[in-house]
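1. I would like the atomic coordinates for the input below:
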Amino acid sequence: MIDPSIETMVDESRATPEAHPSTQTFEERRNDYRAKALSILGRMESVAERRDLVITLPGRDLAARLYVPHGDERRGLVMYLHGGSFVVGDLDTHEGLCRRLAAHTKMRFLAIDYRLAPEHPFPAALNDACDALRYVAAHRGDFADAGVGLIVLGDSAGANLATVACAETRDEDLGVVAQVLIYPTLGPELVTDSAHAFASGYLLDLEHLRYDYGQYLGQFSNHTDPRVTPLLSTDLAGVAPAIIVVAECDPLRDEAVAYAGLLENFGVEVHLLEAEGMVHGFLRLGNVVPQALAIIDDLASHLHRLVEGEPLG
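-> Below you'll find the predicted structure:
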């Protein structure tokens, strides 16, 4: 059942559904997505510092943005990868979420502006995520205290990149102490019960996501590759402990729950945070959804325990 705090928003989205993404250019979609994202920001959390940066990687530069919260507890550095179905989103569209998470966790957040499809198809965004993680690990003293643990956090498509980056670099001793996956998309097949139950009318349309996966993958057709579909991974032993946030009325809910089980099967510590009555993307609605703030506080508590080496239990 939809939470009453978002019922009006969901009803409005059903009354005026978004056109299929194939009817717009990607520039138009990004502009529309950006305008909509900025329109729901409301009053953003204050931070002690907000600094735009450039991360230089082999053959390309990536924009990044560092958020230093008031009362920085210097417990960890969070590398953040935004959502947007691999094709939209940027540092500005998710600034409100980064500020809110930084403020509530009292941790520094470094948001990475990875390359988008279709101009940069798979594995460009994944390579950016992996190489950015290596760079941040090697230069963490530029962003936080040199000895702090790294946390890799992503939402939606960014969560896909985050967990694959953690798996791809697990043997490189990068000091990753946790991965946080917020309503992750874990592959293009989208055949779970929740995918059928909430396929449209719940702020994430699965036909649109399928289209965007096609743009993301380009000519790469192997959907069983665990870099594309982490849910089909055959070895996740040794990856960082995970916190996974799911929403009850999200078509991606069941695959995230299944992924939590898969991680546990490989001996990875996992904690699943479930938001009743919520839809995909609800954490960006903290100005209008009280439960979003409660989940963020719960997430902050679990993160603190992880970076201190305490079991999630």
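
2. now the helices for the protein?
-> 4-15, 26-39, 95-105, 124-138, 157-168, 193-197, 206-217, 253-265, 290-307 (DSSP state H).

3. which helices and strands does the third one pack with?
-> Read it as helix 95-105. When contacts are defined as 3 or more CB pairs under 8 Å, 6 or more residues apart in numbering; DSSP states H and E, helix 95-105 sits against strand 60-68, strand 76-81, strand 108-112, helix 290-307. All C-beta atoms are positioned from the backbone trio N, CA, C, and that covers glycine.

4. follow-up on the earlier one: deepest-packed of the helices of the chain, please.
-> When you average the neighbours per residue for each of these (mean count of other CB atoms under 10 Å), helix 157-168 leads with a mean of 27.

5. for that helix, give the mean pLDDT please.
-> Per-region confidence: helix 157-168 scores 98 on mean pLDDT.

6. and what of stretch 99-110?
-> Rounded mean pLDDT across stretch 99-110 is 94.

7. where does pLDDT dip in this protein?
-> Along the chain, segments meeting pLDDT under 70 span 286-288, 311-313.

8. at 90 instead, please
-> 1, 3-6, 8-9, 12-13, 18, 36, 38-44, 75, 147, 284-313 (pLDDT under 90).

9. spatially central residue for the protein, please.
-> residue 155 (1.6 Å; CA atoms, centre = their mean).

10. export the helices of the chain to JSON lines and tack on distance to residue 234?
-> What follows is those, written out as JSON lines (distance: least, CB to CB, whole Å):
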{"stretch": "helix 4-15", "distance to residue 234": "38"}
{"stretch": "helix 26-39", "distance to residue 234": "34"}
{"stretch": "helix 95-105", "distance to residue 234": "32"}
{"stretch": "helix 124-138", "distance to residue 234": "18"}
{"stretch": "helix 157-168", "distance to residue 234": "11"}
{"stretch": "helix 193-197", "distance to residue 234": "23"}
{"stretch": "helix 206-217", "distance to residue 234": "20"}
{"stretch": "helix 253-265", "distance to residue 234": "10"}
{"stretch": "helix 290-307", "distance to residue 234": "25"}
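
11. which stretch among those helices comes nearest residue 49?
-> helix 95-105 (10.1 Å; CB to CB).

12. residues in contact with the closest one?
-> If you take CB atoms under 8 Å, 6 or more residues apart in numbering as the criterion, helix 95-105 is touched by 37, 40-42, 44-47, 65, 67-70, 78, 80, 108-109, 111, 153, 155, 283-284, 286-287, 293, 296-297, 299-300, 303-304.
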